[in-house]
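# Next one to model:
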Amino acid sequence: MSSACYCNSQLAYQDCCQPKHRDPATADTPEALMRSRFSAFCRRDSEYLIATHKHLQVPSAEELQQVFEHTQWLGLEIVSSAQDSDSTGWVEFKAWFKDSDSGKVDAIWEVSQFVRHNQQWYYTQGQQRKVNLPSRNEPCVCFSGKKFKKCCGA
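Residues are numbered from 1 along each chain as shown. All right, here's what the predicted structure looks like:
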């Protein structure tokens, strides 16, 4: 039995993000790369995250390890995405998580920029936005099908 992909695509991990983790060039759109990067955070795959980040300031494996140790990823919500040209695109997303130290639920709400270089997409940078937690009776951010108050908001 195969397990669901971390990126909430409704596909099995082996059919969704695993091939991209093995070969980043198989992420054929900015959204596909964003989903695979979220899954890499869930799997604590710093090597993949570094390999798919193209910017002057790429996080180190040590910096990513700090994120891994203090974060429990709950779910990914793609708000919108577009490919502006053959070599640029963006994805607006909310990556929901629970801080392991405080136990509080929060999210990264970001519009991320992507570039394509040598037939591979890369994350470059993102503009963060302020996110509001769901109300008690809204669906949970982990996509369990339960209300937020009965699941991650408890």
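# so where does the residue nearest the centre of the chain fall, helix or strand?
The centre of the chain sits closest to residue 38, judged by CA atoms, centre = their mean, with a distance of 2.5 Å. Assigned by DSSP states H and E, residue 38 falls within helix 30-43.
# Check what contacts that helix and list those residues.
Identification of contacts with helix 30-43 by CB atoms under 8 Å, 6 or more residues apart in numbering yields 5-7, 9, 13, 16-17, 20-21, 24, 27, 48-49, 52, 67-68, 71, 73, 76, 78, 81-83, 89-91, 93, 95, 112, 114, 121-123. The C-beta positions use only the backbone N, C-alpha and C, and glycine is treated the same way.
# Likewise for stretch 58-67?
Contact with stretch 58-67 is made by 41, 44, 46-47, 49-50, 53, as judged by CB under 8 Å, 6+ apart.
# Now it: average pLDDT?
For stretch 58-67, the per-residue pLDDT values average out at 86.
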